[in-house]
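Student: Below are the sequence and a predicted model for it; my questions follow.
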Amino acid sequence: MPRNPPMPSCSSTCLIACLFAMPACVSRYEVDTTSPAYAADAQISVRVTKTGIRELRIEIENLAPPARIDPSLHAYVVWISVPGYGITKAGVLDYDQEDRSGRLTATTPHSKFEVLVSLESNPAASEPSQQIVLRKLLERT
């Protein structure tokens with residue numbers, strides 16, 4: 001008569017469930033902003049997914065409304081620059097004027113890249129303006 005394999009105990013089942021539920025390692029960076037957004041506090045978090053893609057989350061607090069810096073400016077745009085591959089628009093920062101904060105989540109397959117945030121008069125810009133308010137090179141993420 002075939003024997004049934006022993007059932008795992010509750011404690012080993014819970015341990016296995018906890019291991020699969022643990023989040024991936026997240027690297028966090030505090031980044032200083034530059035003129036004309038000196039007072040802003042920026043944080044970049046990078047998480048490597050199971051497939052090796054880097055998911056980055058940018059959060060910036062105390063960020064002045066673009067039009068307050070210059071009436072012709074309308075958005076903060078996030079860019080990812082990869083050595084040897086050029087620069088790609090990650091998206092427009094989701095800016096909350098009341099809270100003076102902005103957020104964006106983006107992905108990249110590269111392990112070494114630079115994150116830039118620029119002030120733009122046109123949110124649909126295809127390359128960053130000269131008004132870069134944040135720049136951070138991320139390696140080994």
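Tutor: Nice, I can see it.
Student: Can you give me the neighbour number for Ala42?
Tutor: For Ala42, the count of nearby residues is 22 (other C-beta atoms under 10 Å). C-beta: built from backbone N, CA, C; applies to glycine.
Student: and the helix or strand it falls within, what does it pack onto?
Tutor: Using DSSP states H and E, Ala42 falls within strand 41-48. Here strand 41-48 touches strand 26-32, strand 54-61, strand 132-138, going by 3 or more C-beta pairs under 8 Å, 6 or more residues apart in numbering; DSSP states H and E.
Student: what's the angle from the second one to strand 26-32?
Tutor: This points to strand 54-61. 40 degrees (axes from the mean of the first three to the mean of the last three C-alpha atoms, to 10 degrees).
Student: same question for strand 54-61, mean pLDDT?
Tutor: On average, the pLDDT along strand 54-61 is 97.
Student: what's next to it, contact-wise?
Tutor: 33, 40-49, 76, 78, 93, 99-111, 113, 115, 117, 134, 138, 141 (C-beta atoms under 8 Å, 6 or more residues apart in numbering).
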